[in-house]
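>>> 3D, please:
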Amino acid sequence: RTFRLRAENVVFWIDPEKLSSVREKGIPNSKAEEKTDDGLLSIDDQEEDPSKTGKDEVSSLVTQLYAEGGVEYRSGSEIIRADRVFFDLRTDEGLILDGYLNSYVEARKQTIPIVVRADEIHQYAEGKFRASDTSLSNCAYGRPHWHLHMSEIDVQKSNDGKSMTFSGKHAHASFQGIPFFYLPYLAGTAGSGSNFYFKSARVGKTSRFGFFGLTEWGDDILLGKDKEKFGEWTLHLDLSEDRGFGSGLDIEYQKPDYFGELLTYRIHDEGREDKGGIPVQREERSRIRYRHRHFLPDGFQIDLEGNWFSDRNFQSEFFEKEFKEEKAPETVAYVKRTGDHHMFTLTGRFRLNDFQTQTEYLPRATYDLIFEPVLKEPVFGTNVYYSQRTELSNVRIRFDEDIPDQELPNYQDDRILRGDTIHRFDLPIPLGPVKATPFQQVRYSAFEETARETDSQSRFSATGGIALSTKLSRVFDTKIRPLKIRGLRHVVTPRITYSNTFENNVDPNELIQFDTVDRVEKRETIRFELRNRLQTRRGSRVTDLINFNMNVDFFPKQDRDNIFPDPDQPGDFVTRAWGNLDMDLVMRLTNRITVRGDAEYDFYEDTFPVTNAQVTTQISKTVRAAVGYRGFKGQKSLGTAGLQTSLGKKWSALLLSRYDFRINKAEETEIILQRNAHEWIIEMGVSVDEGENDTRFTLSVQPRALFQSRAAKRDRIGTQPGQDLFELN
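Here you go, the predicted model:
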């Protein structure tokens, strides 16, 4: 065994019989004992062929050792620092006085310190220790931020050195010297295969839920003889004053060829009403969600997703963040195979929740061919390109169970066979600086049943048009040192597309409206697009400083193609030759400031019905700010602001606010303080939601060493307001 020892005074006991043997044989080229560069004494009894060197006999001379005065003893991953130590090297027994044992384990691809402190630590075998009146912690500081104090403890290091088991009596945990829980007996494993399952805890109070506590417990899922990581499991145990006890088990996994998740949650709801005063219909409320994606050889991909909820308001009430930000829940099986220019898909979509109105595919098969050259060799520098999409589907629409029967159409729950095929030809023609691309498209569809109880219907439509585009650029010898600009290039890409669906022999009102396949109608448009980019070179990369795009549609037959309700006269309709002007902007003049925005401009009303804008700036290394606005005419006019700052090495703060300009009132305000302790992440927050009349106070704690820190994916009580302020949706 190799060890290194440093101390003010050291005493060695030597075996006299072995000493006589060594004296007789001599010590050929012996380096059994030597001082290393850092002054530590090294004794090594591991040699490839000790019979030739005699080093085994030299190293085995020392049978016991005693050291005192600033003792530091290292053996493998173990470090012992103490006032005095005694070791019997023959039996691997020892005594450590006024010191601590510092070892390391591996957990979640991290190296975690494990520290045992006591007045007396007994080593009764290699890697096995016992102590009384001791503490266990993963904080290596002289005064640990937290520790488990036990009257007795046994510690054993695993053979591979990656984990450590412990057991003790009368354990109480302390944070900054303040005890906060007690257990008469505690045992566990730190490191690989750890059964220290605590992930996070959050407590607080809201107007809707009262006092609550949310906890997460979990660990890695290890499979096979080699204990290879398959994924991880998380157990949710929650309790709220007004809603009762909730629990759920989540499983997430990821491998090179597939990944997925299974989310479950159940609560015995003791509340009387959900948000908005909606009465709670049932006490037992739950959800199950499963998602899986699998990559197979030859370009195949399989996606599976299932979503089931006990009632229509469960997701919006208990998983509000998920409800607002993610797509509508669905249950679907999807198979895809892709090639260079083609793709095949097979989709099955089914409704599990009776309160949803959804279109089901039982199943739907599609085949796409994209921009395939028709001619073997280009002619006059161009070619004809063929694209097509063919679909065969068995569809039906299922309506919300609460819709009265007399309001339901006659085709509810009917399965209808439908076929649809589209064929398009493009011919790019270079005309000097302009590229002209005329195109022709034909479409044929067949429907087993229509909305007006007629026999099977076939539909034929034809579209023709042309796209004209060019690219203009100019370089300016501009230098702006504060912005790191050494030359500018302005790139303008105008594009005009004329499209005319001049033939369509079936009115879409005669068809059952399942999806976009059934909405084809005669339509003529001219789209004007303009893309502006202002670029510079920074290092070896070309960077877009400004990317500004605009497009607008013109309708030659406005009375047919651009009809919508009159905003000034309810019940009347108006027609307009021009659509709204769509604009979007991304501007990064520096690495510190980013401007994003998109808007629609109405020429006739001289207003902006849709406006989104945001400015994000990195004020300094420790301060980041964002200001934004989101507006939708007649429905939303919100200002958003966020400030994130560091308050020293361990503290940080986040201020988030939303202001409703329609009522001149702060809709939602949240303040979060976070402390990054040595072993824990502690977060305190207060939120006032005027829009939903809800006030929330929270305190959360999460170990950062044993479990990687990450933002909560799902907030089981309420939402986490403002977390998207730094990202414009």
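>>> tell me, which strand in this structure spans the most residues?
Secondary structure of the chain per DSSP state E: the longest strand is strand 485-504.
>>> can you give me how far that one is from the chain middle?
Relative to its chain's centre, strand 485-504 lies at 35 Å (CA atoms, centre = their mean, to the nearest Å).
>>> make residue 1 into 37 and carry on from there
I'll keep to 37 as the first residue from here, and by that count the last item is strand 521-540.
>>> tell me which residues in stretch 602-621 are buried?
615, 616, 617, 618, 619, 621 (16 or more other CB atoms under 10 Å). For every residue, glycine as well, the C-beta is placed using N, CA and C.
>>> again, but for stretch 302-318
For stretch 302-318, by 16+ other CB under 10 Å, it's 302, 303, 305, 307, 310, 316.
>>> list just the nearest of these to residue 537.
Using CB to CB, residue 310 comes nearest to residue 537 of those, at 45.6 Å.
>>> for the helix or strand that residue 395 is a member of, list the C-alpha coordinates in PDB.
Here residue 395, judged by DSSP states H and E, is contained in strand 394-409. Provided in PDB are the C-alpha atoms of strand 394-409 (Å, rounded to 0.1, in the frame of the first residue of the first chain):
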ATOM      1  CA  GLN A 394     -59.700  16.900 -31.700                       C
ATOM      2  CA  THR A 395     -59.300  15.500 -35.100                       C
ATOM      3  CA  GLU A 396     -58.200  11.800 -35.100                       C
ATOM      4  CA  TYR A 397     -56.100  10.100 -37.700                       C
ATOM      5  CA  LEU A 398     -56.700   6.400 -37.800                       C
ATOM      6  CA  PRO A 399     -54.200   6.500 -39.400                       C
ATOM      7  CA  ARG A 400     -52.700   9.000 -41.900                       C
ATOM      8  CA  ALA A 401     -49.900   8.100 -44.400                       C
ATOM      9  CA  THR A 402     -48.000  10.700 -46.400                       C
ATOM     10  CA  TYR A 403     -45.300  10.700 -48.900                       C
ATOM     11  CA  ASP A 404     -43.300  13.800 -49.800                       C
ATOM     12  CA  LEU A 405     -40.800  14.400 -52.700                       C
ATOM     13  CA  ILE A 406     -39.000  17.700 -52.500                       C
ATOM     14  CA  PHE A 407     -37.400  19.500 -55.400                       C
ATOM     15  CA  GLU A 408     -36.300  16.500 -57.400                       C
ATOM     16  CA  PRO A 409     -34.600  17.300 -60.700                       C
END
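>>> show me how far that strand is from its chain's centre.
Here the centre of mass of C-alpha atoms in strand 394-409, compared against the chain's by CA atoms, centre = their mean, lies 29 Å away.
>>> contacts for it?
For strand 394-409, contacts defined as CB atoms under 8 Å, 6 or more residues apart in numbering pick out 366, 377-387, 419-434, 451, 462, 550-551.
>>> swap in 7 Å and give it another go.
Strand 394-409 has contacts (CB atoms under 7 Å, 6 or more residues apart in numbering) with 366, 377-387, 419, 421-434, 451, 550-551.
>>> listing partners with orientation, what would you give for it?
Strands adjacent to strand 394-409 in the sheet, as given by DSSP bridges, are strand 378-386 (antiparallel), strand 421-434 (antiparallel).
>>> what about that strand, average pLDDT?
What strand 394-409 shows for mean pLDDT is 95.
>>> same question, stretch 435-445
Averaging pLDDT along stretch 435-445 yields 89.
>>> return it as PDB; C-alpha atoms alone will do.
Output of stretch 435-445 as PDB, limited to C-alpha atoms (Å, rounded to 0.1, in the frame of the first residue of the first chain):
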ATOM      1  CA  PHE A 435     -66.200  17.000 -30.100                       C
ATOM      2  CA  ASP A 436     -66.100  18.100 -26.400                       C
ATOM      3  CA  GLU A 437     -68.500  16.000 -24.400                       C
ATOM      4  CA  ASP A 438     -70.100  19.100 -22.900                       C
ATOM      5  CA  ILE A 439     -71.400  20.400 -26.300                       C
ATOM      6  CA  PRO A 440     -75.200  19.700 -26.500                       C
ATOM      7  CA  ASP A 441     -76.200  17.000 -28.900                       C
ATOM      8  CA  GLN A 442     -78.500  19.300 -30.800                       C
ATOM      9  CA  GLU A 443     -75.500  21.600 -31.600                       C
ATOM     10  CA  LEU A 444     -73.300  18.700 -33.000                       C
ATOM     11  CA  PRO A 445     -73.100  18.100 -36.700                       C
END
